[in-house]
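Peer 1: I would like to see how this sequence folds:
(3 chains)
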Amino acid sequence: MSLALGQLLLSGILIGGVYGLISVGLTLIFGVMKIVNFAHGEFLMMAMYATYWLQVLLGWDPYVSLALVLPASFLFGLAVERLVIRPGIGKPHLVVVFATMGLSVLLQNLALFLWRGDYRPVRGVLGETTWILGPFRMNASLGVAFLVSVGVTLALLPWLRFTDFGKALRATIQNRQVATLMGINVYRVFGRTFALGTALVGLAAALIAPTFPTYPSVGLRFVILAYVVVVLGGLGSVPGALLGGICIGVVESLTGYLIAPTLSQLFSFLVFLLVLVVRPAGLLGRRDAVLAEWSR
Amino acid sequence: MSGDAPLLRLEGVTVRFGPLVANHAISLSVRQGEIVGLIGPNGAGKTTLFNVITGFLPPEAGEIRFAGIALDGMRPSARARRGLVRTFQIAKPLGRLSVLDNVVAAGLARGAGVAEARRAAREVLAFVGLEALAGAWARNLTVGQLKLLEVARALAAGPRLLLLDEVMAGLAPAEIRRMLALIQQLRARGISLLWIEHVMAAIMGAADRIVVLHHGEKIAEGSPAAVARDPAVLQAYLGEKYHLAQGAWA
Amino acid sequence: MTAAGGGGATGRRRGWRLAAWLAGGLLLAAVPLVVRNAFVHDVMILTLLWAAAASAWNIAGGYAGQISIGHAAFFGIGAYTSSILFVDLGVTPWLGMIVGAILAALFAVLISVVCFRLRGPFFILATLAFAEVLRVLALNWRSLTRGSYGLEVTFRESAANFMFAGKRPYTYLALLLAAGMVALVRGLERAPLGYRLVATREEEDAAEAMGIDTFRAKVIGMALSALLTALAGSFYAQYFLFLEPGQIFSFEVSIQLPLICVIGGIGTAVGPLLGALLIVPFSELLRAWLGGAASGLYLSVYALVLILVVLFMPDGLVGALGRRAQEAAA
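Peer 2: Numbering: from 1, shown residues only, chains lettered A, B, ... in the order given. Okay, the predicted model is just below:
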């Protein structure tokens, strides 16, 4: 019994690492811009399709296509921020919410229109290789995905701490107005943070492509979990996103097996609501990011 | 209610933001019919004190009593309905409503019907001098007009004690004079006032008593004349060599 | 209260407006008498139904400022409650509707209490989460809802069963529903609750400081919105006679309501009606024309319109027209 449980735990942790990677971008975007990007999952979907087409048309392995997908994601993020998000900053929340929601629906349906709803699998160079860890087995591609996700997320920490842009980003998270007074071009921070978040999602896409087929609404499955992770980990907290991702991965894995696969999403939602009610700051975040100033 | 018991009483009120102590063991009181001025350099904790009194921030320690009733845990709207009303330092108009509707909304909170609240609102607007702008969008007003709207709204809510937060900030001299006359008429209507202000000449001339805050502590309290001479106050504000001019606006 | 543009209408202008309303209402009422095409009836019923549901959403989203993208939850509670009570217990839908409405209101109170402290985007996400929870529950609680097999409401013609042979009675009922909603919202605008909702929306702190219990206002706003949305849901069930969790508790329903309001004019009484008149016939025509072949295309167009409108015309049609009228009058 404990062997099966351990195996479940392991798969949960592995996929959780990837959830963490997807969520890191989201948590930074929210921390810096104070907006919710409903189209985040669709960015993942598009990067996954790009990975698919690069393989079908040029025979590229997903890890190789990163060379193109990563910069393309970054640029795409810059464009979206400038065209769709920027006009909405400073206006009521409604505007950005609907704009990104509209973008999400638009991208999903464009994909549906262009490429139908068929599932498109991608073959990774590691193929069906399995890694052995003690008594446990894991899909090699998933293992790689986990390692890269954790590696990149952890590498972000010193980057945020010591580079000029990292400091500008953190300053903007803490106090946008003061950051402006200190000479930080806050709008440039917005654009680059959004682009960074999108690029991270592009990376995640290439990592999970060998394990998950892509289809127009694949984004939905991941983005919902990403929001749960962001709230669980604490807004604006990078280590929180990783930790939250792993927690959610484990919850999903365990509930999927022990209770029912169709209900595992339900449990993620319940976790989401529970966190919002019991501990809105999440594991590592700040209360005032989520709650209104005086809460009674 | 005994004539001696103060309308508002703070005892040992402390407010902390993490390691920063914004208000430290503040005790003060406002008696019925008084105008108490609250002054102090920026960052002294004046608006924070207003936030605590009106229920927007919870105090870490201390007690606040209004008309003898402990306010602990009462939400701002409940305090307002009991007659403890405030204005905001940065005016918060209901932007997409007309000036009249802004004041009507405040009047409705007391349980009156819409027609009654409208009638009362027109009266209040006439009192503050905004009746010509009754139909204008609140978000289109000038700073001076917004401050008057803040006062009008507060008035419509039926205050016994009105907390004014820098109602004169950003106003031109003529507007300041007008606001001062308004404030004195408020007192004539029986409304007690606790008033934060930086326009020294106005507040020192009109207030009965002055309380001075500095770095979260109360450093002085007394008549305007006494406070103006208090060395601790002078040092806090201006360094050691200066005299506060008196009564240019009175 | 005048939500957009100050200054009340003069007596003469009000007379014109009333006349325009009556004319429009009579015109709409005449359509079912004159036109026999079933498709037109369908479109008209759907338009009025969505106008009513969007009006209900508007109370929470437009007037109270509580943006929800989970209103399908209330729609579904209404639809399923009246249908299950009818199919399993023989309760007339007229009564079942009311039960559904009350249940929806209670659920709304639950959501509000749980989520009221959350800032904008988080409240919005939480509403989505609640709707999704209900969807999954409905999908899995087969004994109650028949799950993904769908719940079929057996047709037994009778006015008491809220079932009619032709489309015309449904059309008139839909007209009544939509007109009733618009009138209710109009009345709300002028009532103390309306002022309290709008004040809470515009400046929550200032509203509190004025003596308005903003928590209570938000809860009541949401509950009222839920109640009315559930009524629309029951109507939907009675007309289509088939319910499936994926359709009813869907994100498509949840997003249709705010979309209609944004395009028509959020926070105005007539906005949802205008928005529905614009969107629903257009999308039904598009769907009929393009069909499944280009299924993604029509939603793409939809979405693009939403993005453009919300970024460049956030006050919707009513706002744009209102401004034009103000400039003309000046």
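
Peer 1: pretty sure B:Val114 contacts C:Glu189?
Peer 2: No: using Cβ atoms under 8 Å, B:Val114 is not in contact with C:Glu189; the gap is 10.2 Å. Quick note: C-beta positions are derived from backbone N, CA and C, even for glycine.

Peer 1: What segments of the chain are strands?
Peer 2: Let's take chain A. The residue ranges that make up the strands of chain A, judged by DSSP state E, are A:130-133, A:136-139.

Peer 1: could you do chain C instead?
Peer 2: Remark: strands assigned in chain C by DSSP E are C:151-152, C:242-243.

Peer 1: Pull the residues that contact the first one.
Peer 2: If I follow you right, that is strand C:151-152. Strand C:151-152 is contacted by residues C:Tyr80, C:Ser83, C:Ile84, C:Val87, C:Thr145, C:Arg146, C:Leu241, C:Phe242, C:Leu243, C:Glu244 when judged by Cβ atoms under 8 Å, 6 or more residues apart in numbering or on different chains.

Peer 1: OK, contacts around the first one?
Peer 2: Meaning C:Tyr80. Contacts here follow Cβ under 8 Å, 6+ apart; on that basis C:Tyr80 touches C:Gly100, C:Ala138, C:Thr145, C:Leu151, C:Gly233, C:Ala237, C:Leu243, C:Ile248.

Peer 1: in the helix ranked longest in chain A, what counts as buried?
Peer 2: Selection of the longest helix in chain A by residue count, based on DSSP state H, yields helix A:2-33. Neighbour-count burial for helix A:2-33, counted by 16 or more other Cβ atoms under 10 Å in any protein chain shown, picks out A:7-33.

Peer 1: Can you pull up the residues of chain B that come close to chain C?
Peer 2: Within chain B, the positions near chain C by Cβ under 8 Å from any Cβ of the partner chain are B:54-56, B:75-78, B:80-81, B:85-86, B:88, B:92-99, B:101, B:104-106, B:108-110, B:113-114, B:117, B:135-137, B:153-154, B:156-157.

Peer 1: Looking at those residues, which are in helices?
Peer 2: B:54, B:76-78, B:80-81, B:99, B:101, B:104-106, B:108, B:114, B:117, B:153-154, B:156.

Peer 1: Those residues, buried ones only, as a ChimeraX selection?
Peer 2: Selecting only the buried entries of these in ChimeraX, with 16+ other Cβ under 10 Å as the criterion:
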select /B:54,76,77,80,81,99,101,104,105,106,108,114,117,153,154,156
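
Peer 1: Keep only the ones in helices among the residues of chain B next to chain C that also lie close to chain A.
Peer 2: For chain A, the contacts drawn from those by Cβ under 8 Å from any Cβ are B:Pro76.

Peer 1: quick one: low-confidence parts of the stretch 151-296 of chain A?
Peer 2: Low-confidence segments of the stretch 151-296 of chain A (pLDDT under 70): A:286-296.

Peer 1: quick one: the helices in it?
Peer 2: A:164-174, A:176-181, A:186-208, A:218-233, A:238-258, A:264-278, A:287-290 (DSSP state H, counting those that start in this stretch).

Peer 1: closest to chain C out of these?
Peer 2: For these, the distance to chain C is smallest for helix A:264-278, at 4.4 Å, taking Cβ to the nearest Cβ.

Peer 1: Taking their axis directions, the closest one and helix A:238-258 sit at what angle?
Peer 2: 140 degrees (axes from the mean of the first three to the mean of the last three Cα atoms, to 10 degrees).

Peer 1: In CSV, list the C-alpha atoms belonging to helix A:264-278.
Peer 2: Extracted in CSV, the C-alpha atoms of helix A:264-278 (Å, rounded to 0.1, in the frame of the first residue of the first chain):
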residue,chain,number,x,y,z
SER,A,264,-9.6,15.8,-8.3
GLN,A,265,-10.3,19.2,-9.9
LEU,A,266,-13.1,19.7,-7.4
PHE,A,267,-10.6,19.2,-4.6
SER,A,268,-8.3,21.8,-6.1
PHE,A,269,-11.1,24.3,-6.1
LEU,A,270,-12.0,23.4,-2.5
VAL,A,271,-8.4,24.0,-1.5
PHE,A,272,-8.5,27.3,-3.3
LEU,A,273,-11.6,28.4,-1.4
LEU,A,274,-10.3,27.1,1.8
VAL,A,275,-7.1,29.0,1.5
LEU,A,276,-8.9,32.2,0.7
VAL,A,277,-11.0,31.9,3.7
VAL,A,278,-8.6,30.5,6.3
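
Peer 1: Does it reach chain C?
Peer 2: Yes: using Cβ under 8 Å from any Cβ, helix A:264-278 reaches chain C at A:Gln265, A:Leu266, A:Phe269, A:Leu270, A:Phe272, A:Leu273, A:Leu276, A:Val277.

Peer 1: Which members of those are the farthest-apart pair?
Peer 2: A:Gln265 and A:Val277 (19.1 Å; Cβ to Cβ).

Peer 1: Who has more neighbours out of these two?
Peer 2: Shown here are A:Gln265 and A:Val277; by other Cβ atoms under 10 Å in any protein chain shown, A:Gln265 has more neighbours (20 against 14).

Peer 1: if I pick that one, what's in contact with it?
Peer 2: By Cβ under 8 Å, 6+ apart, the contact set of A:Gln265 is A:Ile224, A:Glu252, C:Glu132, C:Val136.

Peer 1: Please report the number of neighbouring residues for the nearest residue to the third one once chain neighbours are set aside.
Peer 2: Right, C:Glu132. Of all residues not flanking C:Glu132 in the chain, A:Phe269 sits nearest, at 5.4 Å (Cβ to Cβ, 6 or more residues apart in numbering or on different chains). Residues contacting A:Phe269 under the criterion other Cβ under 10 Å number 22.
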